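S.K.: this is a predicted model, with the sequence first.
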2 protein chains.
Amino acid sequence: MTTPTPVDAATAPRRTRNALMTKEALLAAAQELFGRKGYERTTTREIGEAAGVDPALIARYFGSKADLYLAAVAAERLADDERDEPAGVDQPFADLQDVVEVVLRLTARQGPGPILQALVRDDAPPEIREAARARLVRRIVQPVAAQFDADGIDRPTLRAQVAVAALLGVGLGRSLGWFDELHATDPDELAVLVLEALGRPG
Amino acid sequence: MTTPTPVDAATAPRRTRNALMTKEALLAAAQELFGRKGYERTTTREIGEAAGVDPALIARYFGSKADLYLAAVAAERLADDERDEPAGVDQPFADLQDVVEVVLRLTARQGPGPILQALVRDDAPPEIREAARARLVRRIVQPVAAQFDADGIDRPTLRAQVAVAALLGVGLGRSLGWFDELHATDPDELAVLVLEALGRPG
DNA sequence: CTACTATGTCATCAACTGATGACTTACGAC
DNA sequence: GTCGTAAGTCATCAGTTGATGACATAGTAG
């Protein structure tokens, strides 16, 4: 257990076998996984795979899974980085068709993004949910309502809200794999279908 | 599987061996334990012991641990509602109109129930999400698809899936207060609106 | 080079999980 | 009483979990 070369932690840990980098990789993976799935649902094997490291090293460097969790929580304060947002949601939309296509295409990838999840979870931090909600209204609901109004449709705001909520439901169900066909259908094809229903309210 | 004595469920289930009492004991124990310790940390053996019943009976009466969880959650919900019909979500639906009305009415009061949340959150335990999903498909999507098919509508299954997902989106947005008008509008009035869009696909 | 050790790999463990199906028992009709 | 069946019991399964220690290898000092 004696360190032959008590290397200063800051200087030159450049090696392919690097205990420091390994520890940090484990810590980062643990933070991500524990944060996303919770403690119980995260396995040491997952953490190891995510970190590109053998799970046995968790025991070596942290003692146990529980100890790794404590270490991850303790280090949590440092990782308060900025969050990415889909570029698509930031652009103004011309009409409902744009909206439908973009939303369906966004949810075509895997899982709903952090924004949609914030919108949907009842335990999300209120200020985050409110921010997501406000953006949704401004970028999507209002343009659609304006279009409905211009088209002389009755109760344009309410109908726009219904349409957007419905669309989010479809996107959510699609990205979470609720239904087989819904999941498998091509985004563009689906857009046509959804537009048929939402596009001509009243 | 023929019942020799089709005893009316309401009358005289006074026996030492009583399926009804056993189910209720399991349900009560499940509510208590799931509520206190969460799903993952609660084992079927614990539930059985707390209920004074063999854990194998969970499988017999509820199907699985995940199904028991859903049943416990549903039962809790019904207990809150004073006079809600005991059938609730457990009965098959006649047509899309039924579905729309029930869903909108259910999401009218409080936030989305645990079941809807389980369906919607990407960090929910997979078994529970799958159980909720399976129930949704069987009780709602399939009947609606059958109706669409009977009406000679093209691609009935896909359209039913889209319709149900959209409907859930509306219910979700409504119960979470996404949009003001959507939140304020009377359920029945809203039902008419949604049906206009979903009810006549193609 | 040789040797030493920090680092990483691997096979495997014991414990626990939910689930299953064959078996036993008690109920209640007759 | 008998007897069929619902209700309950039990042993055991297959899978997963976190953990462990023997082993292999890379990096470095001398």
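M.R.: Received the coordinates, thanks. Keep in mind that what you see is a predicted model, and the values were worked out from it rather than measured.
S.K.: got the phi and psi for A:Ser64?
M.R.: Backbone geometry at A:Ser64, expressed as degrees, to the nearest 10, gives phi -160, psi 170.
S.K.: which SSE is the closest residue to it other than its chain neighbours in?
M.R.: Nearest residue to A:Ser64 in three dimensions, chain neighbours excluded: A:Ile58, at 7.5 Å (Cβ to Cβ, 6 or more residues apart in numbering or on different chains). The way it works is simple: take the backbone N, C-alpha and C, and place the C-beta from them, glycine included. Assessed by DSSP states H and E, A:Ile58 sits inside helix A:56-62.
S.K.: for the next helix-or-strand element following that helix, buried residues please.
M.R.: Once helix A:56-62 ends, the next helix or strand along the chain (criterion: DSSP H and E) is helix A:65-74. Neighbour counts over helix A:65-74 (16 or more other Cβ atoms under 10 Å in any protein chain shown) mark A:Lys65, A:Leu68, A:Tyr69, A:Ala71, A:Ala72 as buried.
S.K.: mind pulling up the pLDDT for the last one?
M.R.: Note for A:Ala72: predicted pLDDT of 87.
S.K.: my read: it touches A:Leu27, true?
M.R.: Yes. Counting by Cβ atoms under 8 Å, A:Leu27 is a contact partner of A:Ala72 at 5.9 Å.
S.K.: by how many degrees do the lengthiest helix in chain A and helix B:156-175 diverge?
M.R.: Taking DSSP state H as the criterion, chain A has its longest helix at helix A:156-176. Orientation check (axes from the mean of the first three to the mean of the last three Cα atoms, to 10 degrees): helix A:156-176 against helix B:156-175 gives 120 degrees.
S.K.: can you tell if helix A:156-176 touches chain B?
M.R.: Yes. Residues of helix A:156-176 contacting chain B under Cβ under 8 Å from any Cβ of the partner chain: A:157-159, A:161-174, A:176.
S.K.: circling back to that earlier point, helices and strands around the helix holding A:Ile58, which ones?
M.R.: Under the contact criterion of 3 or more Cβ pairs under 8 Å, 6 or more residues apart in numbering or on different chains; DSSP states H and E, helix A:56-62 touches helix A:19-37, helix A:44-51, helix A:65-74.
S.K.: so for the residue lying closest to A:Gly177 once chain neighbours are set aside, what's the pLDDT?
M.R.: Closest residue in space to A:Gly177, ignoring its immediate chain neighbours: A:His183 at 4.9 Å, by Cβ to Cβ, 6+ apart. Confidence at A:His183, expressed as pLDDT, is 86.
S.K.: find the closest residue to chain B in chain A.
M.R.: Among the residues of chain A, A:Gly169 lies nearest to chain B; the distance is 1.9 Å by Cβ to the nearest Cβ.
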